[in-house]
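Visitor: this one's sequence-less:
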């Protein structure tokens with residue numbers, strides 16, 4: 001019996017310590033290699049809040065010093081949370097900061113922006129995708145439980161939509177669930193397909 005091959009034959013290199021992004025990329029049925037890159041994630045003064053995620057994704061790709069084979073694609077990403085027009089909620093500094101952020105998000109809508117950069121040994125492309133998230137009211141005990149139990153200090157806006165807070169607090173999402181989770185898979189796949197077509201030319 002002949003096995004059907006996946007439509008794309010890229011080998012992916014994910015420069016991220018996020019287990020969520022790793023899990024999502026494995027869903028594309030392509031080999032995934034994990035590497036790391038460390039950068040200063042402070043945005044430049046005056047940069048609009050909505051541009052920060054894509055800026056940091058590109059910065060991570062530029063900082064990665066490895067070499068890519070012809071069939072490899074480096075993937076870097078960053079996720080930010082925007083409250084209102086210009087309030088940027090990135091990763092909390094500590095548990096108190098996480099509780100503060102969740103109190104701000106309770107009963108309100110916010111925008112999650114995930115920026116992505118894809119780089120081959122020939123070219124690179126970057127983009128961002130946005131989703132609007134609506135939170136129900138949260139009381140102090142619920143916020144304290146979530147922060148103490150799940151310690152969301154590595155997550156923009158101090159929450160992960162895929163765990164307890166997502167089950168209990170998110171009323172609805174306008175846009176891709178995976179964008180909120182940290183990687184807009186529909187956009188990633190479309191760009192990988194485009195890179196594959198460009199490679200044939």
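Guide: Received, thanks. This one's a predicted model, so the numbers in the text were calculated from it and none came from an experiment.
Visitor: and the helix of greatest length in the chain, what other elements does it pack with?
Guide: In the chain, taking DSSP state H as the definition, the longest helix is helix 185-200. Applying 3 or more CB pairs under 8 Å, 6 or more residues apart in numbering; DSSP states H and E, we find helix 185-200 packed against strand 72-83, strand 109-119, strand 124-135. C-beta coordinates here come from the backbone N, C-alpha and C atoms, glycine included.
Visitor: For the first one, give the mean pLDDT please.
Guide: Think strand 72-83. The average pLDDT for strand 72-83 rounds to 97.
Visitor: Please spell out which residues along whichever helix or strand comes after that strand are buried.
Guide: Downstream of strand 72-83, the first helix or strand assigned by DSSP states H and E is strand 87-89. The neighbour-count check on strand 87-89 (16 or more other CB atoms under 10 Å) flags 88, 89 as buried.
Visitor: And for the next helix or strand after strand 87-89, what's in contact with it?
Guide: Helices and strands here follow DSSP H and E; after strand 87-89, the next one along the chain is helix 95-105. Contacts with helix 95-105, where a contact means CB atoms under 8 Å, 6 or more residues apart in numbering, come from 81, 83, 87, 89, 92, 135, 138, 140, 143-144, 146-148, 151-153, 157-159, 165.
Visitor: do the same with stretch 177-196
Guide: 7-10, 18, 20-21, 24-25, 27-28, 73, 75, 77, 79, 112, 114, 116, 118, 120, 123, 125, 127, 129-131, 133, 160-162, 173, 176.
Visitor: If we use 7 Å, what do you get?
Guide: The contact list for stretch 177-196, computed with CB atoms under 7 Å, 6 or more residues apart in numbering, reads 8, 10, 18, 20-21, 24, 28, 73, 77, 79, 112, 114, 116, 118, 120, 125, 127, 129-131, 133, 161-162, 173, 176.
Visitor: can you pull the contacts of residue 115?
Guide: 53, 54, 55, 56, 57, 77, 78, 126, 128.
Visitor: The fourth one: which element?
Guide: Read that as residue 56. Secondary structure (DSSP H and E) places residue 56 in helix 52-63.
Visitor: what mean pLDDT does that helix have?
Guide: 97.
Visitor: Pull out the buried residues from it.
Guide: 52, 53, 54, 55, 56, 57, 58, 59, 60, 61.
Visitor: which one of those residues is nearest residue 34?
Guide: Ranked by distance to residue 34 (CB to CB), those are led by residue 60 at 13.7 Å.
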